[in-house]
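> okay, sequence plus prediction incoming.
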Amino acid sequence: MAVKAGSVAQACVAVGVMVAFFAVLYWLLEGNKDLTPGVKEVVLVLTGVLAGAFKDVVGFFLGSSLGSQRKDEVIRQANPVP
């Protein structure tokens, strides 16, 4: 089975989002109390954005998007374009 460049890129982005989310979450929960209020708000917003991206990654790889992508590939193989 050949690995497509797109699937490798998807996996790299997914792993990057997951690592970033858990790294920021760990850093935030470790008790960085010496942050100024402005910086703390930025970190909380960043955590929220990463949580949304994490949700999208999980939804893609475990949800209907992956099944839809597989269905499209089966249809493409069944009906090759000349």
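Arrived safely, thanks for sending. Residues are numbered from 1 along each chain as shown.
> which strands or helices does the helix or strand hosting Leu25 pack on?
Here Leu25, judged by DSSP states H and E, is contained in helix 5-29. Using 3 or more Cβ pairs under 8 Å, 6 or more residues apart in numbering; DSSP states H and E as the contact test, the elements touching helix 5-29 are helix 37-62. Backbone N, C-alpha and C define where each C-beta goes, glycine included.
> show residues contacting the helix or strand of the chain with the lowest mean pLDDT.
One helix or strand of the chain scores below all others by mean pLDDT, DSSP states H and E: helix 64-78, with a mean of 76. Defining contact as Cβ atoms under 8 Å, 6 or more residues apart in numbering, one finds that helix 64-78 is touched by Gly59, Phe60.
> so it versus helix 5-29, what angle?
Counting by axes from the mean of the first three to the mean of the last three Cα atoms, to 10 degrees, helix 64-78 points 170 degrees away from the direction of helix 5-29.
> could you check the angle helix 64-78 makes with helix 37-62?
Using the same axes, to 10 degrees, helix 64-78 lies at 40 degrees relative to helix 37-62.
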